[in-house]
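> the following comprises the amino acid sequence and a computationally predicted model.
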Amino acid sequence: MKKSLLAIFSLLIVLALAACGSESSQADNKDTESKEKDSGISGSITAVGSSALQPLVEAAAQQFMGENAGTTINVQGGGSGTGLSKISEGAVDIGNSDIFAEEKQGIDASQLVDHKVAVVGIAPVVHPEVGVKDVSKQQLIDIFKGKIKNWKELGGADQEIAVINRAEGSGTRATFEQLALDGATPVATQEQDSSGTVRQIVSETPGAISYLAFSYFDESIQPLFIDGKEPNQASVETNDWEVWAYQHMYTNGKPEGLTKAFLDYMVSDDVQNSIVTELGYLPITGMKVERDAKGNVTQK
Amino acid sequence: MKGERRLSDKESAKIWASNTKRWKERWGRTITFISVSLMAVIGISILLFVASKGLSTFFVNKASVVQFLTGLHWEPSKLDEFGKPFVGALPLIIGSFTVTVLAALVSAPIAIGVAIFMTEISPHIGKKFLQPMVELLVGIPSVVYGFIGLSVVVPFLRDHVSGSGFGIAAGTIVLSIMILPTITSLSVDAIRSVPLQLREASLALGGTRWQTISRVLLTTALPGLFTAIVFGMARAFGEALAVQMVIGNSTVIPQSLFEPASTLTSILTMGMGYTVMGQVENNALWTLAFVLLGMSLFFILIIRRLERRRIYR
């Protein structure tokens, strides 16, 4: 009896603490907002959202804070959905997302202002020993739909194909399904939460196939060519490699003060030509084409 | 005059002292009352919040409860031909129950064995060596268990058994290690609480040590041991991170223990960052949370029932 009471009490205490925690963080956000309004280039802002974009924004924020004393930029992950919903609520200053706000249901995109800060290319990746380096788009769709089950059907090793997907709602998955699989839905299969885990699993599991942003490429996995096209920066810039996505930083209304200064800094040559490429993203300034939320591509 | 004044001094001191006492008592009572009501309010509001969010999948998004409990297709962002979201949670529910039951089956005999060793066979080694060991296991964060699972258990299963290594089997192994300390320490308490007289009586009747342990100690401590196992199961059922890392998160009912599967918690934690409050996908996750909350209430009720049946306390 005592033990169970104790368990219930401790459960409630933990819940109470958790509730307090979330309340105080909301208070913090309000706090930072008001500070930001009355002082120009000092103060603090919060950017929340896409975990794909997080490393870039963090690195840029570090450098920015180093150059501008008295400024604080809090960068948090949480996923594109979180970024978009927090910025529509006005709870944060910047919402990071790897997809257009128009593509996410339940978000009123009309009040949000889009700032594209970088581009990521995405490519299918396989375990290095499958023996296949190039597939046609139709073959790729068939692999992900479960119609092709063994690499030997494509002239590779006699090895069963293990499809690894990203979580439903992931920006990388949305981009890949839309542009590489022409909107086809993959079979229900193993799903993983993060790109880092996907890379580890693909590198260790014989016959595995998944997809990753270029920034996650290394020797442990092998990117696949599609229809003879190589996934690299040059081919993304000309839209020859079609599977790429913008990295968006959304603001609620026109940015002001520190938010504006930081967003301008993100697209400055300082960031675009150093941090962006060092971290494996593609500079927005190098793109020779533009794509809108509906997927229409135009020459710049 | 003087006498009166002295008296009034004493009196006022007395009154002052009793006032402080009364004040202290009142103050203490207020604090405890506030704490208790705060706790009750928090508990009830969380329950109401999760319920209202979780039930809106059925009321707002018009999914059917039967579909939720028996359906096999989990894809809340898509709508079927009747305009209802695909929220078939049966694979997740089966996954959760399978890993929980299997982990308890693996863990309970080991844990109870360890507990018997620690209390009856070698209390010295038990106190000096096993106790700190168990405490250490409790202190390891679940992400570490998950990471070890991902980099040791999964490759091992892949190389020596079959498939990709992700699945119920990997989840069971990780979970049974995680709940081992919980069951062990609660079993130790249960066995220790068996009165010394019972042991002495058994020995006096000529019972051997094994007979005493198996017939007297374990029988007497049985409700306590069950409580320990249910506590372990409650922990296994609610564990999210470690399971999510090793189970593969495939929303299908697996054909074998070595194929990717998923649990309520793993789908919940995976989907959290990608959904927008108020949307079908988000409501569906709240429904999973509601089911989990219901399950933990169920576990608490079982534990309370078991506690009532205890013969010796």
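Structure's in. What do you need? Numbering: from 1, shown residues only, chains lettered A, B, ... in the order given.
> and stretch A:263-278, what's buried?
A:L263, A:Y265, A:M266, A:V267, A:V271, A:Q272, A:I275, A:V276 (16 or more other C-beta atoms under 10 Å in any protein chain shown). All C-beta spots, glycine's among them, are computed from the backbone N, C-alpha and C.
> so what's the third one scoring on pLDDT?
Yep, that's A:M266 we're talking about. As predicted, A:M266 sits at a pLDDT of 93.
> do I have it right that it meets A:V117?
Yes. Using C-beta atoms under 8 Å, A:M266 is in contact with A:V117, at 4.4 Å.
> anything in contact with each of those two?
Between them, A:M266 and A:V117 share these contacting residues under C-beta atoms under 8 Å, 6 or more residues apart in numbering or on different chains: A:M249.
> picking up where we left off before, present the buried residues of stretch A:263-278 as a markdown table; the columns should include distance to A:T175 and secondary structure.
Below are the buried residues of stretch A:263-278 laid out as a markdown table (distance: C-beta to C-beta, whole Å; DSSP: H, G, I helix; E, B strand; the rest coil):
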| residue | distance to A:T175 | secondary structure |
| --- | --- | --- |
| A:L263 | 23 | helix |
| A:Y265 | 26 | helix |
| A:M266 | 21 | helix |
| A:V267 | 21 | coil |
| A:V271 | 23 | helix |
| A:Q272 | 21 | helix |
| A:I275 | 22 | helix |
| A:V276 | 18 | helix |
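> make a markdown table out of these and add distance to A:L282.
Below are those laid out as a markdown table (distance: C-beta to C-beta, whole Å):
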| residue | distance to A:L282 |
| --- | --- |
| A:L263 | 18 |
| A:Y265 | 18 |
| A:M266 | 14 |
| A:V267 | 13 |
| A:V271 | 13 |
| A:Q272 | 10 |
| A:I275 | 12 |
| A:V276 | 7 |
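> let me know the closest of the residues you listed to B:G54.
A:L263 (38.0 Å; C-beta to C-beta).
> coming back round to it: wait, which of the buried residues of stretch A:263-278 is closest to A:L84?
Among those, and counting by C-beta to C-beta, the member closest to A:L84 is A:L263, at 16.4 Å.
> what sits against the closest one?
A:I94, A:H115, A:V117, A:M249, A:T251, A:P255.
> tell me the one of the residues you listed nearest A:S42?
For the contacts of A:L263, the nearest to A:S42 is A:P255 (15.8 Å; C-beta to C-beta).
> looking at the closest residue to A:G155 other than its chain neighbours now. What's its pLDDT?
With C-beta to C-beta, 6 or more residues apart in numbering or on different chains as the criterion, A:G155 has its nearest non-adjacent residue at 6.6 Å, and that residue is A:V132. Note on A:V132: pLDDT of 91.
> touching, A:V132 and A:G156? I think so.
Yes. A:V132 is in contact with A:G156 according to C-beta under 8 Å; the separation is 3.9 Å.
> between the two, point out the one with more neighbours.
A:V132 (21 against 18; other C-beta atoms under 10 Å in any protein chain shown).
> any idea how far that one lies from chain B?
Between A:V132 and chain B the distance is 18 Å, computed by C-beta to the nearest C-beta, to the nearest Å.
> for that residue, helix, strand, or coil?
coil (DSSP: H, G, I helix; E, B strand; the rest coil).
> OK, contacts around it?
Neighbours of A:V132 in contact, by C-beta under 8 Å, 6+ apart: A:V126, A:W151, A:L154, A:G155, A:G156, A:L224.
> measure the residue lying closest to the first one once chain neighbours are set aside to B:G238 for me?
Nearest non-adjacent residue to A:V126, counting by C-beta to C-beta, 6+ apart: A:I209, 4.8 Å away. Plainly put, A:I209 is 33 Å away from B:G238 if you go by C-beta to C-beta, to the nearest Å.
> I figured A:H127 was touching A:Q222, is that so?
Yes. Between A:H127 and A:Q222 there is a contact under C-beta under 8 Å: 7.4 Å.
> before we move on, what SS does the residue nearest to A:V126 have?
Going by three-state DSSP: A:I209 is strand.
> need the contact partners of stretch A:292-300.
A:F100, A:A101, A:E102, A:E103, A:A109, A:Q178, A:N239, A:M287, A:K288, A:V289, A:E290, A:R291.
> need phi/psi at B:F58.
phi -90, psi -40 (degrees, to the nearest 10).
> what's around the nearest residue to it once chain neighbours are set aside, how many residues?
In this structure, B:F58 finds its nearest non-sequential neighbour in B:V65, 5.8 Å apart by C-beta to C-beta, 6+ apart. Here the number of neighbours of B:V65 (other C-beta under 10 Å) works out to 12.
> dihedrals phi and psi, A:D108?
The phi/psi pair for A:D108 (degrees, to the nearest 10) is phi -80, psi 100.
> go on, A:Y281?
phi -90, psi 170.
> how near is it to chain B?
20 Å.
> apart from its chain neighbours, what residue comes closest to that residue?
A:A118 (4.2 Å).
> and the one you found, how many residues sit next to it?
31.
> now it: which helix or strand?
strand A:112-126 (DSSP states H and E).
> and the helix or strand following that strand, what does it pack onto?
For strand A:112-126, the following helix or strand on the C-terminal side (DSSP H and E) is strand A:134-135. Applying 3 or more C-beta pairs under 8 Å, 6 or more residues apart in numbering or on different chains; DSSP states H and E, we find strand A:134-135 packed against strand A:225-226.
> remind me what the strand it packs on packs against, helices and strands.
strand A:134-135.
> what lines up beside the strand it packs on in the sheet?
Strand A:134-135 sits in its sheet next to strand A:225-226 (parallel), going by DSSP bridges.
> give me the contacts around the strand it pairs with.
A:A123, A:P124, A:K133, A:D134, A:V135, A:S136, A:K137, A:L140, A:A180, A:P231, A:W241, A:V243.
> out of those, which one sits closest to chain B?
A:P124 (17.5 Å; C-beta to the nearest C-beta).
> beta partners for that closest one?
With DSSP bridges as the rule, A:P124 is bridged to A:Y211.
> list the contacts of the residue of the stretch 51-200 of chain B found nearest chain A.
Using C-beta to the nearest C-beta, the closest approach of the stretch 51-200 of chain B to chain A is made by B:S164 at 5.1 Å. Residues near B:S164 by C-beta under 8 Å, 6+ apart: A:A162, A:Q190, A:I201, A:T205, A:A208, B:V154, B:R158, B:G248, B:P260.
> turn those into TSV, including neighbour count, pLDDT and secondary structure.
Listed next are those as TSV, based on neighbours: other C-beta atoms under 10 Å in any protein chain shown; pLDDT from 0 to 100; DSSP: H, G, I helix; E, B strand; the rest coil:
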residue	neighbour count	pLDDT	secondary structure
A:A162	22	90	strand
A:Q190	25	87	strand
A:I201	23	89	helix
A:T205	21	88	coil
A:A208	23	92	strand
B:V154	27	91	helix
B:R158	19	88	helix
B:G248	30	88	strand
B:P260	27	89	coil
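> if we can go back for a sec, quick one: contacts for the residue nearest to A:Y281?
Neighbours of A:A118 in contact, by C-beta under 8 Å, 6+ apart: A:L53, A:L56, A:Y246, A:Q247, A:Q272, A:V276, A:Y281, A:L282, A:P283, A:I284.
> measure the most centrally placed residue in chain A to A:N273 for me?
Nearest residue to the geometric centre of chain A (C-alpha atoms, centre = their mean): A:A52, 3.1 Å. In this view, A:A52 and A:N273 are 20 Å apart by C-beta to C-beta.
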